[in-house]
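**Q** I'd like to go over a predicted model; first the sequence, then the structure.
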Amino acid sequence: MLKFLKQVGDYTKEAVQAARFIGQGLSVTFDHMRRRPITVQYPYEKLIPSERFRGRIHFEYDKCISCEVCVRVCPINLPVVDWEFNKETKKKQLKHYSIDFGVCIFCGNCVEYCPTNCLSMTEDYELSTYDRHQLNYDNVALGRLPYKVTDDPMVTPLRELVYLPKGVMDPHDLPPGSQRAGQRPEEISEQLEQNSEKTQA
Ligand code: SF4
Ligand code: SF4
């Protein structure tokens, strides 16, 4: 009899434990039902890259003075600056410029240090090819205007999910002009400035 009662007790304990674990599991499921979806139906929908996104480099041929600073600051001496000395003008003349994006690590050093600002990082990230040699962009390819998610009529641009307003469930149908959940970088710097002014006063 005692053995039977012990068995019933163990069974009840296990049943209660199982019910608790099922409850815990379902609470996670129900919690996810309230969360925002993070799925992006690429390539029909694309996220708008952040303002400081480091994508494909854009190059302006006419601004380049062939100083080769970009080569010296590059961790792998990647940009190829082909120039010749013009005896008449006594200046370097750029003949050819190229960057191999199959090797580039998109650190942005070249862009940062270029004295004439002829390099800039774009939001272009779709660089995949079947042949890696096609990633070696010459000055013509580098000079192409960058692709913009917002300019493509075939694509639905989506805002970054971190900036979605509080309470908005669907990132695919955001009401215009609504408040963002996250703070933008300029809002944070504004706040920091105000704080430093307060401490100085
Ligand atoms: S640093 Fe700028 S100006 Fe100098 S070679 Fe490179 S791209 Fe041209
Ligand atoms: S982004 Fe960095 S790795 Fe790429 S070319 Fe510029 S300096 Fe070199």
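**A** All right, it came through fine. Numbers count the residues shown, from 1 in each chain. Ligands and ions are numbered 1, 2, ... in the order given.
**Q** please count neighbours and contacts with C-alpha atoms only from this point.
**A** Noted.
**Q** and Pro115, what does it touch?
**A** Pro115 sits next to Val69 when contact means Cα atoms under 8 Å, 6 or more residues apart in numbering.
**Q** make 4 the starting number, not 1.
**A** Yep, numbering from 4; the last one is Pro118 now.
**Q** need the pLDDT of it.
**A** pLDDT for Pro118: 96.
**Q** what residues does this protein have near ligand 2?
**A** Within the chain, the positions near ligand 2 by Cα under 6 Å from any ligand atom are Cys77, Pro78, Leu81, Pro82, Cys107, Ile108, Phe109, Cys110, Gly111, Asn112, Cys113.
**Q** helices - which of the residues you listed land there?
**A** Counting by DSSP state H, the part of the residues of the chain next to ligand 2 found in helices is Asn112, Cys113.
**Q** quick one: which of the residues of the chain next to ligand 2 has the most company?
**A** In terms of neighbours by other Cα atoms under 10 Å, the residues of the chain next to ligand 2 top out with Cys113 at 26 neighbours.
**Q** so which strand or helix has the nearest residue to it once chain neighbours are set aside?
**A** Of all residues not flanking Cys113 in the chain, Cys73 sits nearest, at 4.3 Å (Cα to Cα, 6 or more residues apart in numbering). Under the criterion of DSSP states H and E, Cys73 resides in helix 72-76.
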